[in-house]
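**Q** turn this into a structure:
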Amino acid sequence: MEINASKIRYLTKSRFKLAVECPRKLFYTGKSEYLDKSRDDSFLAALAEGGYQVGELAKLMYPGGVTIEELGHQIALEKTQELLKRDQVVIFEAAFVHGNLFIRVDILKKTGNRIELIEVKAKSYRQSDDGDFRGARGGIKSDFLPYLQDVAFQRYVAEQALVGHEINAFLLLANKDAVSSVDGINQQFKVQKADGRLKVLTHTDLTQSQLGDPLLVCVNVDSQVDEILAGSLLVAPNKSVKFVDAVRAFADAYATDAAMPPIPKSKCAGCQFKAETPIRQALK
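**A** The predicted structure is shown next:
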């Protein structure tokens, strides 16, 4: 696995998501001089809390898993590499790098030469309604597409970092058909903020059996990921390029702090980097 110790502006999962929404967002993100309404969005904060709770619930489905808690890129990469020397292992927040692409995998399960890459989402799923995430015309449903693009990005990076391994991609989702057999499950996952980050507090001896029937379902998404990787993404107005080429364009732009052109669309009205009052007017 390639490890780069130099300080690099990495294209991560979250930054890739921003770039797919609009490449120009890569230039604005993380800079204090630009407005970012998502920092103070209470609705997004509530969603984040729910996502953290689902993430902790997911871990209980994989007892014995090892969590890599370190935030630093280098130490996370080194710990991942060490754990992968085991023939069988489950890693939470495994880290991988390829060039200036960097990912942390929610759940990684290794069995011999086979790797299961599992992305946990608080999104709900019902087999009878959502099936293979495709609509009546065969295309991937728009409400699931961002999640599948996220997994596609991760699988691509993992495949470059783990040459010679068989890598399969999964989404672990809230099962709409599951009924909780235990009351007050949410009370077992209390969210608190520490050092500016959300953290879920659980009892150290909590097990899946204590929480009753599983409320999450794991769905293989390799066929959808294959389609996305073989497809294209917009990198400028009216300009689509192959998925891998788009990832490279996003990564290079972020690494060099270059501003890619915006892609105007109806969703621009709700952009988190858009000020409600023009700056010039506000300064009068």
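**Q** what about the strands in the stretch 151-284 of the chain?
**A** With DSSP state E, counting those that start in this stretch as the criterion, the stretch 151-284 of the chain has strands at 166-175, 190-194, 197-201, 216-220, 232-236, 239-242.
**Q** how far away from the center of its chain is the fifth one?
**A** Think strand 232-236. 20 Å (CA atoms, centre = their mean, to the nearest Å).
**Q** and that strand, which residues are buried?
**A** 233-235 (16 or more other CB atoms under 10 Å). The way it works is simple: take the backbone N, C-alpha and C, and place the C-beta from them, glycine included.
**Q** now pLDDT too, for the residues you listed, in TSV please.
**A** Listed next are the buried residues of strand 232-236 as TSV, based on pLDDT from 0 to 100:
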residue	pLDDT
233	97
234	96
235	97
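**Q** quick one: the helices in the stretch 1-150 of the chain?
**A** Taking DSSP state H, counting those that start in this stretch as the test, the helices found in the stretch 1-150 of the chain are 13-21, 25-28, 42-59, 73-83, 127-130, 145-161.
**Q** make TSV from those helices and add mean pLDDT and mean neighbour count to it.
**A** Converted to TSV, those look like this (pLDDT from 0 to 100; neighbours: other CB atoms under 10 Å):
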stretch	mean pLDDT	mean neighbour count
helix 13-21	96	20
helix 25-28	95	20
helix 42-59	62	16
helix 73-83	96	17
helix 127-130	90	11
helix 145-161	97	21
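**Q** for residue 111, find the nearest of those.
**A** Using CB to CB as the measure, helix 73-83 is the one of the helices of the stretch 1-150 of the chain that comes nearest residue 111, at 13.5 Å.
**Q** so where's the stretch 101-250 of the chain uncertain?
**A** 179-213 (pLDDT under 70).
**Q** how about the nearest residue to residue 35, chain neighbours excluded?
**A** Computed as CB to CB, 6 or more residues apart in numbering, the closest residue to residue 35 that is not its neighbour in sequence is residue 275, at 5.2 Å.
**Q** redo the helices of the stretch 1-150 of the chain as TSV? Include distance to residue 220.
**A** Formatted as TSV, the helices of the stretch 1-150 of the chain follow (distance: least, CB to CB, whole Å):
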stretch	distance to residue 220
helix 13-21	20
helix 25-28	31
helix 42-59	16
helix 73-83	23
helix 127-130	12
helix 145-161	11
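**Q** if I look at the residue lying closest to residue 23 once chain neighbours are set aside, how far off is residue 28?
**A** Once flanking residues are discounted, residue 23 sits nearest to residue 260: 3.6 Å by CB to CB, 6+ apart. From residue 260 across to residue 28, the span is 11 Å (CB to CB, to the nearest Å).
**Q** and residue 98, bridged to which residues?
**A** residue 101 (DSSP bridges).
**Q** my guess is it contacts residue 162, does it?
**A** No. Using CB atoms under 8 Å, residue 98 is not in contact with residue 162; the gap is 9.8 Å.
**Q** model confidence score at the residue nearest to residue 23, please.
**A** Per-residue confidence at residue 260 stands at 96 (pLDDT).
**Q** ditto for residue 284
**A** Residue 284 is given a pLDDT of 46.
**Q** residues in contact with the nearest residue in space to residue 156 that is not next to it in sequence?
**A** Nearest in space to residue 156, with sequence neighbours left out and distances taken as CB to CB, 6+ apart, is residue 229 at 6.3 Å. Contact partners of residue 229, counting by CB atoms under 8 Å, 6 or more residues apart in numbering, are 152, 155-156, 243-244.
**Q** surely residue 114 touches residue 162?
**A** No. Taking contacts as CB under 8 Å, residue 114 lies outside contact range of residue 162: 10.7 Å.
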